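1. coords please:
(chains A and B)
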There are 2 protein chains.
Amino acid sequence: MQKKKKFQKDSEHFYIVESSEKDGFKLKGKIWIEGKEGTFLGIGRAQLLEKIKECKSISKAAKTLNMSYKKAWDLIDSMNKQAKNPLVITKVGGAGGGRTELTEEGEKILNQFKELYEEFKKFLEKEINKF
Amino acid sequence: MQKKKKFQKDSEHFYIVESSEKDGFKLKGKIWIEGKEGTFLGIGRAQLLEKIKECKSISKAAKTLNMSYKKAWDLIDSMNKQAKNPLVITKVGGAGGGRTELTEEGEKILNQFKELYEEFKKFLEKEINKF
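-> Numbers count the residues shown, from 1 in each chain, chains lettered A, B, ... in the order given. Below you'll find the predicted structure:
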């Protein structure tokens, strides 16, 4: 079996997806996309993108997720730097004094990740039934 | 999104399976079966079963995996207690002074887990190509 032992410090790796229970057992798993600089997108980061889309503000999104502004900003920065084009942009000025939005690429990747997440749940559900 | 934040202490959770690289990105994941008492079977435990099958000895299997005898024994004990029937048995006495073997159930579950692992690799490979 191919394997790699590695301790993952980054807290957003610790989101566990699970199947339903079968005979007292559940299949559990984690999934994320890694780029050259480490994590690019996982469940935690996808949640952050989702909240930014809703709130149009990094600070509001961070608050909803009980995350510091700095942490949220660092995660966005990490995603923006690793993606071909930024996923999140902040437009300064204007009526509301500036707002943060997902770019077209941000929307696309978020949707793809949500699909991946759904496929992963289906996968776990299908596989637990083989045991 | 359904999610659960939980720090996993058990070292055998930290085996990461990964897809091949696509445009600088890889899809990574972990997978394991959880029973009522916590982890039942993951990549680390499956490896231990595999080695016991090969070596017919807990101490030799543990040594090959750079694992203490106690750790190996604890993992086996945890699997044996959670499964309907033990996965590993030790037959005392006889010509070689006793040997440890996988039971029929142990063999079956190990094979099922190996299949799951292969399916998971295929899943990651298929999904990375959607991005």
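2. and residue A:61, how far from residue A:72?
-> Per CB to CB, to the nearest Å, residue A:61 is found 6 Å from residue A:72. Just so you know, the C-beta spots here come from the backbone N, C-alpha and C atoms, and that holds for glycine as well.
3. give me the common contacts of the two.
-> Common contacts of residue A:61 and residue A:72 (CB atoms under 8 Å, 6 or more residues apart in numbering or on different chains): residue A:48.
4. show me the strands in chain A, by range?
-> For chain A, applying DSSP state E gives strands covering A:17-18, A:26-35, A:38-41, A:88-91, A:99-102.
5. between the ones you listed, which one is nearest to residue B:125?
-> strand A:26-35 (12.9 Å; CB to CB).
6. is that closest one up against chain B anywhere?
-> Yes: counting by CB under 8 Å from any CB of the partner chain, chain B is contacted by strand A:26-35 at A:26-35.
7. who wins for neighbours among those?
-> Most neighbours among these, by other CB atoms under 10 Å in any protein chain shown: residue A:31, with 28 neighbours.
8. so what sits opposite that residue in the bridge?
-> Per DSSP bridges, the residues bridged to residue A:31 are residue B:29.
9. who's in contact with it?
-> A:17, A:42-43, A:116-117, A:120, B:27-29, B:124.
10. same question for residue A:80.
-> A:86-88.
11. repeat for residue A:25
-> Applying CB under 8 Å, 6+ apart to residue A:25 gives the contacts A:128, A:131, B:33-35, B:40.
12. about what we covered before: among the strands of chain A, which is nearest residue B:103?
-> When those are compared by CB to CB, strand A:26-35 sits nearest residue B:103, at 22.1 Å.
13. and the angle from that closest one to strand B:26-35?
-> Computed by axes from the mean of the first three to the mean of the last three CA atoms, to 10 degrees, the angle separating strand A:26-35 from strand B:26-35 equals 160 degrees.
14. for the record, mean pLDDT for strand A:26-35?
-> In this model, strand A:26-35 carries a mean pLDDT of 96.
15. returning to what we had before: nearest to residue A:21 among the contacts of residue A:25?
-> residue A:128 (8.3 Å).
16. okay, the residue of chain A positioned farthest from its centre and chain B: tell me how far apart.
-> Within chain A, residue A:23 marks the point farthest from the mean C-alpha position, 31.1 Å out by CA atoms, centre = their mean. Per CB to the nearest CB, to the nearest Å, residue A:23 is found 8 Å from chain B.
17. list phi and psi for that residue.
-> Backbone torsions of residue A:23, given as degrees, to the nearest 10, read phi 50, psi 40.
18. residues contacting it?
-> Residue A:23 sits next to residue A:131 when contact means CB under 8 Å, 6+ apart.
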